[in-house]
Structures are given as C-alpha cells and as structure tokens.
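K.L.:
one predicted model, sequence on top.
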Amino acid sequence: MLIIRHQQLQAFRRAAVQSFLDRLAEHLRGVAPELVGGLSPQALSDLLWKHIEDAHGYDLEAELDVARYVVLALRQGKGWRETPAVAEILTSGRLRATEKLNALERLAVGSGGRPRQP
C-alpha cells in the first residue's frame, strides 16, 4: 500500500505550482512582453506568485482560470480589484470561476480595457 504523508503532498503541490508559474512566465514573455518584459526573472516570479495567491483567494483554482486572472491583473494594473464592479464580481458567491472571469473580461473590454469607475 502506498502512503503519502502530508509533507510529501505539500511538496508535490509546490512543485506543480512552480511548474505552472514557469510555464505562465514563459507564455507571458512570448505573448505579452509589454506586461513583463522589463522584469527580472525573480521579480516576475514574485509578481506571478502574488497574483496566483490572489486568484486562489477568489476560488479560482484551475490553471486556465488562474492564467486568465493573472493576465487581467497585469493588464488592468494596481488597484483594479478594489474597483466596486470588479470587487463585486470577484467576491460573488453565486458565480463559478469561469463566469467570474468572463464577466471581468467583458467589463474590461466594455470600458476600453480599464474597469469602469463609479
């Protein structure tokens, strides 16, 4: 019988998240250099970790959902989550993760790329 201890499971999770972070960083450098081009590898890693943790706080867990959230966060800039319309979407208990991201993307597109201010 295979027994996996809690510490081993945590190590697997960290490795999986690091792998995702590395793939996301590479992807962003290729498709959105304007967002991440001036950052050192360590600064980019730190920034992505922060956004990944933020995404998890809004019940965004799937890699695609987290990646979409990170791209939105980078494009929208500091403070976008505090915008009332954005905060309402992110904290909604009735929307699934994909629905939250669809609504956020519609909001960003409908406001010329920036969340609307009240």
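P.N.:
Sure, I can see it. All values derive from a computational prediction rather than experimental measurement.
K.L.:
give me the phi and psi for residue 94.
P.N.:
phi -100, psi -10 (degrees, to the nearest 10).
K.L.:
so how far is residue 82 from it?
P.N.:
Distance of residue 94 to residue 82, given as CB to CB, to the nearest Å: 21 Å. (C-beta placed from N, C-alpha, C; glycine too.)
K.L.:
who has more neighbours out of the two?
P.N.:
residue 82 (9 against 5; other CB atoms under 10 Å).
K.L.:
so what's residue 73 up against?
P.N.:
51, 54, 80, 81 (CB atoms under 8 Å, 6 or more residues apart in numbering).
K.L.:
state the pLDDT value of the last one.
P.N.:
Among the per-residue scores, residue 81 shows a pLDDT of 92.
K.L.:
which of the three states applies to it?
P.N.:
helix (DSSP: H, G, I helix; E, B strand; the rest coil).
K.L.:
what do you get for the first one?
P.N.:
Classification of residue 51 into helix, strand or coil gives helix, according to three-state DSSP.
K.L.:
residues in contact with it?
P.N.:
69, 70, 73, 74.
K.L.:
now do 6 Å
P.N.:
Contacts of residue 51 were listed using CB atoms under 6 Å, 6 or more residues apart in numbering, and they are 70, 73.
K.L.:
quick check: which helices or strands does the longest helix seen in the chain pack against?
P.N.:
Counting residues, the longest helix in the chain under DSSP state H turns out to be helix 6-31. Applying 3 or more CB pairs under 6 Å, 6 or more residues apart in numbering; DSSP states H and E, we find helix 6-31 packed against helix 41-57.
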